[in-house]
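Colleague: Sharing a model that was predicted from the sequence below.
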Amino acid sequence: MKKRSRLLKQAREVLQIEAQGILDLIERIGPEFEQAVEMILDSKGRVILAGIGKSGMVGRKITATLNSTGTPSLFLHPAEALHGDLGVVTADDIVIAISNSGYTKELVDILPSLKSLGAKIIAFSGDSESPLARESHVFIDVGVEREACPLGLAPTTSTTAALAMGDALAVVLINRRRFNRKDFKRFHPGGSLGDRLSSKIKDVMLTGDQIPLVHKDQTVEEAIFEMDRKRLGASLVVGDGHILRGIVTDGDIRRSLLKRRDIMRLKVEKIMSKSPKMIDEDKKVAEAAALMEHNAITVLPIVDKEKRVRGIVHLHGLLGGKEFRLHGSRKIT
């Protein structure tokens, strides 16, 4: 137990050190950050991230975040840049160079070439007197008091701080560009869960013959046959005009059998749940999923404004447990 407590204490200390490293940035962020944002917004080119080692990995992540949120970006490896990859840089581009020390040789070596090409340079560094800071058009301080690594050698707090500053930059750009959910979906065509949750219910619900449906005057036996055919574990009960009157589930049938054996000839309205949860067809999938989770149900009737049955959804289908199709569209898996 003592060993486990020691391990947990060390883990908490790491998280505290890294969290403090980010919090310290708040006090130091200033006009230079605003200048960097305006520089990017005014640019007709791309944002190019450059860094070596762990800083390079941070750069790749920031690149991915910017690309997915409306700011064209790419990663440039400084060593490869020295051997021909500088050809991707244009005078319209903004280069964000990342180095905690600001002395990373490969990165410093490409700065004169970047400037000669006309590119603007933003430095993410912890040393305002470093060669990187001096050669950059904008210096953003991402320095940390100490690394979480007990040896002070492995980049830990410093990379976390640089990554957080990159996120801050990306989010501010999202707001300035008025980048919205539709834009995000456009850049994430493979994000099936996001596609589901932001779609309207009517675009993903089961309809027509796929709906397990019985009239309130039909029998329990007929409802069971309908449930078995449609394999959703429930059947919707409607009155005249397709108005939803209730729902009968496997659970309703089991509970009824505990009370009496001869339920098959009963009208289904005698055993149905008369106040089923339902949702309007124009609501979002995310709202349906939340409603189902909150009420611990797996099947949800979909209705229109007059409570006429329009469709049905199953929780597993909404969240990826089984395939379903957008009406007239591609299959979502």
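Modeller: Thanks, I have it.

Colleague: could you list every residue that touches the residue of the chain most remote from its centre?
Modeller: Most distant from the centre of the chain: residue 262, at 50.9 Å, with distances by C-alpha atoms, centre = their mean. With contact set as C-beta atoms under 8 Å, 6 or more residues apart in numbering, residue 262 has no partners. Every residue, glycine included, has its C-beta placed from N, CA and C.

Colleague: Quick check on it: phi, psi?
Modeller: phi -90, psi 70 (degrees, to the nearest 10).

Colleague: can you count the residues close to residue 28?
Modeller: For residue 28, the neighbour count with other C-beta atoms under 10 Å is 12.

Colleague: again but with residue 24, I slipped
Modeller: So residue 24, with other C-beta under 10 Å, has 16 neighbours.

Colleague: so what does the host helix or strand of it touch, helix or strand wise?
Modeller: Secondary-structure element containing residue 24, defined by DSSP states H and E: helix 2-28. In terms of contacts (3 or more C-beta pairs under 8 Å, 6 or more residues apart in numbering; DSSP states H and E), helix 2-28 is packed against helix 157-177.

Colleague: Do me a favour and average the pLDDT over the helix it packs on.
Modeller: Averaged across helix 157-177, pLDDT comes to 92.

Colleague: Using PDB, write down the CA coordinates of that helix.
Modeller: Only the C-alpha atoms of helix 157-177 are listed here, as PDB (Å, rounded to 0.1, in the frame of the first residue of the first chain):
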ATOM      1  CA  THR A 157       5.900  20.700 -18.700                       C
ATOM      2  CA  SER A 158       7.500  22.600 -21.600                       C
ATOM      3  CA  THR A 159       5.800  20.600 -24.300                       C
ATOM      4  CA  THR A 160       2.500  20.700 -22.400                       C
ATOM      5  CA  ALA A 161       2.700  24.500 -22.200                       C
ATOM      6  CA  ALA A 162       3.600  24.900 -26.000                       C
ATOM      7  CA  LEU A 163       0.700  22.600 -26.900                       C
ATOM      8  CA  ALA A 164      -1.700  24.600 -24.700                       C
ATOM      9  CA  MET A 165      -0.600  27.800 -26.300                       C
ATOM     10  CA  GLY A 166      -1.200  26.200 -29.700                       C
ATOM     11  CA  ASP A 167      -4.700  25.300 -28.600                       C
ATOM     12  CA  ALA A 168      -5.300  28.900 -27.400                       C
ATOM     13  CA  LEU A 169      -4.200  30.200 -30.800                       C
ATOM     14  CA  ALA A 170      -6.500  27.700 -32.600                       C
ATOM     15  CA  VAL A 171      -9.500  28.500 -30.500                       C
ATOM     16  CA  VAL A 172      -9.100  32.300 -30.900                       C
ATOM     17  CA  LEU A 173      -8.800  31.800 -34.600                       C
ATOM     18  CA  ILE A 174     -12.000  29.700 -34.600                       C
ATOM     19  CA  ASN A 175     -13.900  32.600 -33.000                       C
ATOM     20  CA  ARG A 176     -12.400  35.200 -35.200                       C
ATOM     21  CA  ARG A 177     -13.200  33.200 -38.400                       C
END
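
Colleague: Identify the residues contacting that helix?
Modeller: Here helix 157-177 has contacts from 17-18, 21-22, 24-25, 29, 33, 36-37, 40-41, 54-55, 57-58, 61-62, 65-66, 69-71, 96, 98, 100, 124, 126, 140, 142-148, 179, using C-beta under 8 Å, 6+ apart.

Colleague: Could I get the contacting residues of the residue nearest to residue 60 when sequence neighbours are not counted?
Modeller: Distances taken as C-beta to C-beta, 6 or more residues apart in numbering put residue 75 closest to residue 60, at 5.0 Å, once the chain neighbours are dropped. Applying C-beta under 8 Å, 6+ apart to residue 75 gives the contacts 48-50, 56, 59-60, 63.

Colleague: can you rerun that using 7 Å?
Modeller: By C-beta atoms under 7 Å, 6 or more residues apart in numbering, the residues touching residue 75 are 49, 59-60, 63.

Colleague: for it, helix, strand, or coil?
Modeller: On the three-state scheme (DSSP: H, G, I helix; E, B strand; the rest coil), residue 75 is labelled strand.

Colleague: For it, which residues count as its bridge partners?
Modeller: Taking DSSP bridges, one finds residue 49 as the beta-bridge partners of residue 75.

Colleague: what about the helices in the protein?
Modeller: Ranges of helices in the chain, per DSSP state H, are 2-28, 31-42, 54-68, 78-81, 105-116, 131-135, 157-177, 181-187, 192-198, 201-204, 220-230, 250-259, 285-294, 315-319.

Colleague: And the average pLDDT for the helix holding residue 24 is what?
Modeller: Per-residue pLDDT over helix 2-28 has a mean of 89.

Colleague: Quick one: low-confidence residue ranges for the chain.
Modeller: Scanning the chain with the threshold set as pLDDT under 70 gives 1-3, 179-198, 316-333.

Colleague: Can you give the domain ranges for it?
Modeller: 2-188, 197-332 (automatic domain parsing).

Colleague: where does the first one sit relative to the chain's centre, distance-wise?
Modeller: When C-alpha coordinates are averaged (C-alpha atoms, centre = their mean, to the nearest Å), domain 2-188 and its chain have centres 21 Å apart.
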